[in-house]
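> Curious how this folds, go ahead:
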Amino acid sequence: MKKRFIALAFVIGFSSVANVALAETEHQRELQQAKQGNPIFQYNIGVMYETGQGVRQDYNKAIYWYKKSANQGNAKAQYNLGVIYDNGRGVRQDYNKAVYWYKKSANQGYTYAQYNLGLMYQKGKGVRQNYQKALEWYQKSAKQGNERAQNNIGVIYGKGYGVQQSYQKAVEWYKKSANQGYAEAQYNLGARYERGQGIRQDYKKAVYWYQKSAYQEFARAQYNLGVMYYEGQGVKQDHNKAVYWFKKSANQGHAKAQNNLGFMYANGFGVLQNKYTAKEWYAKACDNGLQIGCDTYRILNEQGY
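Here you go, the predicted model:
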């Protein structure tokens, strides 16, 4: 048995060495192609250096190879350069350069670059804030099915950023995104159903979409779902479930959820009453800038808790 085990270990060890050797050979082959000017392999080598796949992570080398590829018109390389400058990965953060590369890629129809460029215009990063241009680029990306772009178009119409406010159009775009599983859009659609904005008020559908979003750990949806259970809107009133969802949200730093959780503990709703624990949650809400949390914390503190 011992000899068989040793033999098996040898085979496994040999296989691992062979796999490493194969990976190194593949890397050398791709590197050779990249050096010969192939933009696809230049992009691939850039990805390897950026992510540390098969090589030691090196952003400078990633940028070097991305630029080689991008200057030959590779849209993915152009986009990746934009992301690197946008986030300051291994380089000084530079929104102007990010926009430059996003535009190069977006003009070739690359959906992720179109979305990111829309985001730059919406936030005024590297360009003057321009909601109309943001909308234009979001629409280009959304037509290709980009769920984030679809959601952001909904936000623009819902808030009336640079366009006439239209909850109906916002709902249309939220639905497109939500049906693709995008958590923020599911939350936004739930909120429209809850408030009856652009669509007939329907608490049950609000709960449905909040749940979709909440199960993806979206904190605002978890908080709203907690409120629905606390109030008994669209669901049977259940303080235990309200506490459950408030905790999920509160543990992600959502100030209102932290405050509500403090309230639940202070009054024994869905949990055993514990004003010391309540005080802890009010303190967290206060630390996150919620004044009512500060006020209630102070009252409990004065009461000796």
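
> switch to C-alpha atoms for all contacts and neighbour counts from now on
Fine.

> Dump whatever helix or strand residue 77 lives in to PDB, restricted to CA.
In the assignment (DSSP states H and E), residue 77 maps to helix 75-87. Extracted C-alpha coordinates of helix 75-87, given in PDB (Å, rounded to 0.1, in the frame of the first residue of the first chain):
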ATOM      1  CA  ALA A  75     -11.000  47.800 -28.500                       C
ATOM      2  CA  LYS A  76     -10.500  45.600 -25.500                       C
ATOM      3  CA  ALA A  77      -7.000  46.800 -24.900                       C
ATOM      4  CA  GLN A  78      -8.200  50.400 -25.200                       C
ATOM      5  CA  TYR A  79     -10.900  49.700 -22.700                       C
ATOM      6  CA  ASN A  80      -8.600  48.000 -20.300                       C
ATOM      7  CA  LEU A  81      -6.200  51.000 -20.400                       C
ATOM      8  CA  GLY A  82      -9.100  53.200 -19.600                       C
ATOM      9  CA  VAL A  83     -10.000  51.100 -16.600                       C
ATOM     10  CA  ILE A  84      -6.300  51.200 -15.400                       C
ATOM     11  CA  TYR A  85      -6.100  55.000 -15.600                       C
ATOM     12  CA  ASP A  86      -9.700  55.400 -14.200                       C
ATOM     13  CA  ASN A  87      -8.900  53.400 -11.100                       C
END
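
> next structured bit after it?
Counting by DSSP H and E, the next helix or strand C-terminal to helix 75-87 is helix 95-106.

> Give me the contacts around that following helix.
Residues outside helix 95-106 that contact it (C-alpha atoms under 8 Å, 6 or more residues apart in numbering): 74-76, 78-79, 81-86, 112-114, 116-117, 120, 125-127.

> and whatever helix or strand comes next after that helix, how far from the chain's centre?
Per DSSP H and E, the first helix or strand lying C-terminal to helix 95-106 is helix 111-123. Relative to its parent chain, helix 111-123 has a centroid offset of 15 Å by C-alpha atoms, centre = their mean, to the nearest Å.

> which parts of helix 111-123 are buried?
For helix 111-123, the neighbour count (16 or more other C-alpha atoms under 10 Å) marks 111-122 as buried.

> same question for stretch 205-215, mean pLDDT?
Stretch 205-215 comes out with an average pLDDT of 98.

> Could you tell me which ranges of this protein sit under the pLDDT cut-off?
For the chain, the stretches flagged by pLDDT under 70 are 1-25.

> got the angle between the helix holding residue 77 and helix 95-106?
When axes from the mean of the first three to the mean of the last three C-alpha atoms, to 10 degrees is applied, the directions of helix 75-87 and helix 95-106 differ by 160 degrees.

> Contacts for helix 75-87 next, please.
Here helix 75-87 makes contact (C-alpha under 8 Å, 6+ apart) with 43, 63, 66-67, 69-70, 90-95, 97-102, 104-106, 108, 110, 112-113.

> go on, stretch 61-71?
37-40, 42-43, 45-50, 76-78, 80-81.

> Specify the local secondary structure of residue 249.
Secondary structure for residue 249, judged by DSSP: H, G, I helix; E, B strand; the rest coil, is helix.

> residues in contact with it?
Contact analysis of residue 249 by C-alpha under 8 Å, 6+ apart lists 217-220, 222-223, 257-258.

> Check the offset of the helix holding residue 77 from the chain's centre.
Its chain's C-alpha centre and that of helix 75-87 lie 18 Å apart, by C-alpha atoms, centre = their mean.

> Next, the buried residues of that helix.
Within helix 75-87, the residues scored as buried using 16+ other C-alpha under 10 Å are 75-86.

> With distance to residue 176 added, can I get the residues you listed in TSV?
Converted to TSV, those look like this (distance: C-alpha to C-alpha, whole Å):
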residue	distance to residue 176
75	26
76	25
77	29
78	28
79	25
80	27
81	29
82	27
83	26
84	29
85	30
86	27
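
> Looking at those residues, which one is closest to residue 290?
Taking C-alpha to C-alpha as the measure, residue 290 sits nearest to residue 86 out of the buried residues of helix 75-87, at 31.1 Å.

> For that closest one, give its distance to residue 116.
Distance of residue 86 to residue 116, given as C-alpha to C-alpha, to the nearest Å: 10 Å.

> again, but for residue 191
Using C-alpha to C-alpha, one obtains 25 Å as the distance from residue 191 to residue 116.

> Could I get the full set of strands for the stretch 101-250 of the chain?
In the stretch 101-250 of the chain, no strands are defined using DSSP state E, counting those that start in this stretch.
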